[in-house]
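Enquirer: Just a sequence and a predicted model for now, questions to come.
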Amino acid sequence: MAALVLSAWLVGCGNEKEAAPVVAAREFAAAMQRGDAKLVIGLLEDGAVERLELAAAQASDQVGGRRNIEIHEMLQVVDVPNSFQVAKAELITGDDSTAQVALTAADGTKHLLDMVHQDGGWRVRVQVPGAPGDAT
């Protein structure tokens, strides 16, 4: 009975557990705001990480092997306003393998993130310039 009362109290206080894709989307937004390229890469879908690894290998070759370019050096997080704070995050659609999460900033700006479940966790699906299916 006490567990039921505690559970009802937590829900009433707004501490209900968020869906896993929503939690991952919040982590991604926080990493972007901090400019933490290493954490951002850890939250990207496998295809994007593979493309960044290939770009890092090509960059290392271009400097004649004098230096090994790390994958996080291939990603520069810019133009994320310091004022961006996630005020609300909600699961728009989702199943066991894909989801879409809407992040609403304190200023009301909305951002939609496409998520994919890979390697036991939720990852953000992004378009990398030059990727198959990218129109740029």
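Expert: Looks like it arrived, so ask away.

Enquirer: With adjacent residues omitted, what lies nearest to A24?
Expert: W122 (3.7 Å; C-beta to C-beta, 6 or more residues apart in numbering). To be clear about C-beta, it is placed using only N, CA and C from the backbone, and glycine gets the same treatment.

Enquirer: Am I right that the one you found falls within a strand?
Expert: Yes - remark: W122 belongs to a strand, assigned using DSSP: H, G, I helix; E, B strand; the rest coil.

Enquirer: Could you give the separation of stretch 103-117 from the chain centroid?
Expert: Counting by C-alpha atoms, centre = their mean, to the nearest Å, stretch 103-117 is centred 10 Å from the centre of its parent chain.

Enquirer: Show the average pLDDT along that stretch.
Expert: Across stretch 103-117, pLDDT averages out at 92.

Enquirer: now for the longest helix along the chain, which elements pack on it?
Expert: Longest helix of the chain, by residue count under DSSP state H: helix 46-62. With contacts defined as 3 or more C-beta pairs under 8 Å, 6 or more residues apart in numbering; DSSP states H and E, the packing partners of helix 46-62 are strand 121-125.
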